[in-house]
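Undergrad: Any chance you could fold what I've pasted below:
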Amino acid sequence: MLNPQLIGSVIIDWNKIGRDSYLRDIPAINGVERLSFTNSVTFFVGENGSGKSTLLEAIAIAYGFNPEGGTRNYSFSTYDSHSELCSAIRLSKGIRRAEYGYFLRAESFYNVATKEEEYSRGPGGRPQHFHEKSHGESFLALAQSSFRANGLYLLDEPEAALSPQRQLTLLVEIDRCVKEGSQFIIITHSPILLGLPGAEILSFDHGPIHPCSYEETDSYQVTSMFINNREQILHRLLDE
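TA: Numbering: from 1, shown residues only. Next up, the predicted model:
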């Protein structure tokens, strides 16, 4: 059966990765030869340093996105930090072709927003003023102006700049685009975004990448535990 997603799977050729590469020391990735995407939204979850951004960045570069973010037409670099993984992976694309796409990273958003403003001043462009807004407002505005039907969107911690209310707004935007044929692969620690119905959650904790339920994520468990036991937890953390 043909995969209806824009990216059906990622194949990793470990023969193209050096024997001394740090990639082989990442438990979630090491030894994984294929990762399939069967849902329109896939979340990557896991502790900091578990390999989520490394894999998402490699997927983005293999697809043709600029390493720091933007569309496939962007070409700029302020710091070359991507790993060799991008040259070792092959993307198996589905039966449809994306008409649009965007790679959005919280850590390099300022640079992308700057380029967006520069490009928007060109012929036929609509001038944007992202730096005149707050960080959260500009981040959401860029997402809303960039998300379109039948597109591929790779997002790295999009909640970083957003209030809980704005995270709900982003969740609605993602759902709208999914209903219009788009695909998302998202790294997040947000229990709000992770609650999107129909999404697959892949954990990078405790061994190779594997599916997990919403309730099994640290984002849900820690948030729920803190809300329900705030006084006891704070007493234990701060007074002992």
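Undergrad: which SS state does residue 236 fall under?
TA: With DSSP: H, G, I helix; E, B strand; the rest coil as the basis, residue 236 sits in helix.
Undergrad: longest helix anywhere in this protein?
TA: Longest helix in the chain by number of residues, with DSSP state H as the criterion: helix 164-179.
Undergrad: need the helix or strand of the chain with the lowest average pLDDT.
TA: helix 109-120 (a mean of 60; mean pLDDT, DSSP states H and E).
Undergrad: Skip ahead from that one and say which helix or strand is next.
TA: Downstream of helix 109-120, the next assigned helix or strand under DSSP states H and E is helix 135-146.
Undergrad: got the buried residues for that next one?
TA: Of the residues in helix 135-146, 135, 136, 138, 139, 140, 141, 142, 143, 146 count as buried by neighbour count, 16 or more other CB atoms under 10 Å. The C-beta positions use only the backbone N, C-alpha and C, and glycine is treated the same way.
Undergrad: Quick check: mean pLDDT of the longest helix of the chain?
TA: The pLDDT scores in helix 164-179 average 95.
Undergrad: Stretch 57-70 now?
TA: Mean predicted lDDT for stretch 57-70 stands at 87.
Undergrad: Also stretch 202-222?
TA: Rounded mean pLDDT across stretch 202-222 is 96.
Undergrad: Name the residues of it that come out as buried.
TA: Going by neighbour count (16+ other CB under 10 Å), the buried part of stretch 202-222 is 202, 203, 204, 205, 209, 212, 214, 217, 219, 220.
Undergrad: re the thing from before, with distance to residue 185 and pLDDT as added columns, please give the buried residues of helix 135-146 in JSON lines.
TA: Putting the buried residues of helix 135-146 into JSON lines (distance: CB to CB, whole Å; pLDDT from 0 to 100) gives the following:
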{"residue": "135", "distance to residue 185": "23", "pLDDT": "63"}
{"residue": "136", "distance to residue 185": "22", "pLDDT": "71"}
{"residue": "138", "distance to residue 185": "23", "pLDDT": "76"}
{"residue": "139", "distance to residue 185": "18", "pLDDT": "76"}
{"residue": "140", "distance to residue 185": "19", "pLDDT": "82"}
{"residue": "141", "distance to residue 185": "22", "pLDDT": "79"}
{"residue": "142", "distance to residue 185": "18", "pLDDT": "77"}
{"residue": "143", "distance to residue 185": "15", "pLDDT": "79"}
{"residue": "146", "distance to residue 185": "15", "pLDDT": "81"}
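Undergrad: Which of those residues sits closest to residue 176?
TA: Nearest to residue 176 out of the buried residues of helix 135-146 is residue 143 (CB to CB; 11.5 Å).
Undergrad: I'm done for today, thanks for sticking with me.
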